[in-house]
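> Build me a model from this:
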Amino acid sequence: MLVSPTYQSPAFGFEGEDFYNLVVKINSAFEPHALKHWIQKLEDLHGRNRNSPRYSNRSLDIDLLLCDDRIIDDGHIQIPRSEILKRKYVLKPLQDLSPELVHPITKKRLAEMWQALDLVDNTKLIEVSINQ
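Below you'll find the model as predicted:
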């Protein structure tokens, strides 16, 4: 398991507390749909309210960003997640772990994608140290 640095960023899509974002790279025996189901159970155990508006404070939000070179968009799961291309708080920690990884749709390296997004997105990310 690899864990990226943690970044603090403003809430996106609503006024709220800052978010803390990081990426974890794991190996899993689960297929993507089963892994997403397991992730949602974990979020629920940590108080996630699925009746809240999409853009609102939440106790825990875990997204499955990539799964090898797979491309899945079937209404239940989206891999790779579209936020990788649009949100600094997603792309920065992801590229910290694997800058040479090639995005399965754009065919660009994550480091290259980060450089391009950083030029056009003025969202401020602050690397923070989380006491473990």
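
> And the residue nearest the centre of the chain?
The centre of the chain sits closest to residue 90, judged by C-alpha atoms, centre = their mean, with a distance of 4.4 Å.

> Quick check: next helix or strand after the strand or helix carrying that one?
Using DSSP states H and E, the element containing residue 90 is helix 88-97. Note on helix 88-97: by DSSP H and E, the next helix or strand toward the C-terminus is helix 110-120.

> I'd like the distance from that next one to the chain centre, please.
On the basis of C-alpha atoms, centre = their mean, to the nearest Å, helix 110-120 sits 16 Å off its chain's mean C-alpha point.

> what does that helix contact?
84-86, 88, 91-92, 94-95, 98-103, 106 (C-beta atoms under 8 Å, 6 or more residues apart in numbering). Bear in mind the C-beta positions are built from the backbone N, C-alpha and C, glycine included.

> Restrict those residues to the buried ones and give me that as a ChimeraX selection.
In ChimeraX, selecting the buried portion of those, with burial taken from 16 or more other C-beta atoms under 10 Å, looks like this:
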select :84,85,88,91,92,94,95,98,101,103
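
> which pair in the contacts of helix 110-120 spans the largest distance?
86 and 100 (21.2 Å; C-beta to C-beta).
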